[in-house]
Each structure stands twice: as structure tokens, then as C-alpha cells.
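1. predicted coordinates and the sequence they were generated for:
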Amino acid sequence: MTASLLPYVEVNPNTQHDAVVIWLHGLGDSGNGFAPIVPQLELPTEHKVRFVFPHAPIIPVTINNGMEMRAWYDIKTLSFQDRADMEGVTRSATQVKALVQAEIDSGIPSERIILAGFSQGGVIAYYLGLRFEQKLAGILTLSTYMCDPDMQGEGWHDANKQTPMSASHGAYDEMVPIALGKSAYLKAKDAGYDINWQQYPMQHNVCMEQLQDISAWIQKVLNL
């Protein structure tokens with residue numbers, strides 16, 4: 001692991017990998033939070049997919065009384081119009097982009113890399129994925145929303161216009177209202193991106209039905 005890269009948890013297949021999923025956690029969590037789902041995805045036994053779960057930096061979070069925790073950006077207000085600290089968003093997007101580039105440099109084509117994120121991590125996945133200059137295998141966003149510049153479509157790149165994107169949300173999410181997730185999905189769809197939408201009878205979390213759908217989607221976009 002290169003010192004300059006974000007630290008991460010990795011779950012590697014039994015054989016040499018030829019594809020990578022980089023999965024970003026939510027506020028206050030860590031890469032350890034989602035790593036245990038890999039077996040639950042029940043990918044084909046001989047799959048060659050490497051999973052990378054980065055740890056966000058530890059920073060003070062304003063709405064939590066300045067308490068330090070892992071966060072991809074500060075949340076200064078409860079208003080979703082400007083809740084994402086854009087300096088933090090761009091910093092984290094740059095750090096995650098370096099992880100993607102490290103996989104490319106190791107010999108994995110960008111077209112074999114999926115960028116995924118839950119909640120805060122999904123904000124970064126949208127922000128980076130829509131601006132990434134090389135075609136990715138897929139972009140997966142869970143229980144999340146778009147930061148304000150994304151809702152304006154500023155800086156989006158055409159490289160991933162045909163890249164499969166999947167957005168999903170809990171119908172009873174009290175932390176990130178489903179309307180925000182739906183708005184983000186519609187923004188990308190209306191801009192011509194290849195995105196689908198799923199919702200589940202859950203709150204701000206993931207459920208087994210969703211994991212089964214994610215598994216099927218990963219297998220489809222990576223041709224497993």
C-alpha cells in the first residue's frame with residue numbers, strides 16, 4: 001500500500017484479480033463496515049474481483065458538535081442544499097481518484113473498476129464518477145444524494161455517459177430522505193447517463209434483497 005494513498009481494507013479473491021470494486025463507507029463508519037458484505041454477495045466461486053474499502057480521514061464534523069470521526073467531508077448544516085463542504089468533497093474525490101489510478105497503474109483497465117459508495121461515500125462516488133475522464137465498469141450509489149455542484153451538472157465528463165450506474169435507497173430513510181436520492185437519479189438520467197433506480201422497504205442501511213440485486217448488477221457489468 002503506497003504511503004500517500006488512503007488506508008483501506010481489502011478483500012481479495014482466491015486467484016489473481018482482473019477487476020476491482022472500490023466501495024466508500026458513510027459518515028462515522030470505516031472501511032471495515034462494508035467489508036463483511038463481500039461473502040454475502042455470493043459471487044461465483046472463482047470470481048476475480050478485488051474489493052477495496054478505503055477509510056475516510058478523521059476530521060471534526062460540525063453538526064456533531066465538532067466531534068472527530070471518519071468523514072469524507074464536513075457537514076456544517078442540516079440543509080441539504082449546502083450541507084456538503086465542497087473543499088472536503090473535492091479533497092476526498094482526489095484521494096479516491098488516486099486509489100482508482102493505483103489500480104489502473106497496477107494493470108487493471110479502468111473499464112474493469114466499479115466505484116461504489118453509501119451515504120457520504122455515495123456523494124463522493126457521484127462527484128468523482130461523473131467527472132472521471134476514463135470509462136469505468138460501473139458506478140453504484142446507495143442511500144445518498146448529490147452535492148450542490150452535481151445538481152447543477154458542473155464539470156461532468158462524457159467518458160462515463162454509457163457506463164452502467166445503479167442508484168438505490170430505503171423508502172423509510174430518515175437520515176437521507178428518499179426524495180433526495182430520487183432527485184440525484186433523475187438528474188443523471190435527464191443528463192443522458194445510463195442509470196437505474198431501486199428502492200427497498202428499509203431505513204438508512206442495506207438489506208439482503210438489495211445485496212442480491214447488487215450482486216446481480218456487479219456480475220452483469222463485469223461479465224462474471
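-> Yep, it's here.
2. what's the following helix or strand after the helix or strand of the chain with the lowest mean pLDDT?
-> Across the helices and strands of the chain, mean pLDDT, DSSP states H and E gives its lowest value to helix 148-152, namely a mean of 83. Note on helix 148-152: by DSSP states H and E, the next helix or strand toward the C-terminus is strand 165-170.
3. and whichever helix or strand comes after that following strand, what does it pack against?
-> Proceeding N to C from strand 165-170, the next assigned helix or strand is helix 178-190, under DSSP H and E. On a contact count with 3 or more CB pairs under 8 Å, 6 or more residues apart in numbering; DSSP states H and E, helix 178-190 meets helix 148-152, strand 165-170, strand 195-200. To be clear about C-beta, it is placed using only N, CA and C from the backbone, and glycine gets the same treatment.
4. got the contact list for helix 178-190?
-> 80, 126, 130, 141, 143-146, 150-151, 153, 165, 167-171, 173, 195, 197, 199 (CB atoms under 8 Å, 6 or more residues apart in numbering).
5. what comes up buried for the longest helix that the chain contains?
-> Identified as the longest helix of the chain according to DSSP state H is helix 86-105. If you call a residue buried by 16 or more other CB atoms under 10 Å, then helix 86-105 has these buried ones: 88-93, 95-97, 99-100, 102-104.
6. where in the protein is pLDDT low?
-> 1-3, 79-83 (pLDDT under 70).
7. the residue most distant from the middle of it, which is it?
-> Centroid-distance maximum for the chain: Asn65 at 26.1 Å, with CA atoms, centre = their mean.
8. for that residue, phi and psi?
-> phi 60, psi 30 (degrees, to the nearest 10).
9. distance check, it against Ile75.
-> Between Asn65 and Ile75 the computed distance is 12 Å (CB to CB, to the nearest Å).
10. check Leu211 too.
-> For Leu211, the distance to Ile75 - CB to CB - is 27 Å.
11. what about those two, which has more around it?
-> Ile75 (19 against 14; other CB atoms under 10 Å).
12. what's near enough to touch the closest residue to Asn12 other than its chain neighbours?
-> Using CB to CB, 6 or more residues apart in numbering and skipping residues adjacent in sequence, the residue nearest Asn12 is Arg50, 5.2 Å away. Arg50 sits next to Glu10, Val11, Asn12, Pro13, His17, Ala19, Val20, Val21, Glu103 when contact means CB under 8 Å, 6+ apart.
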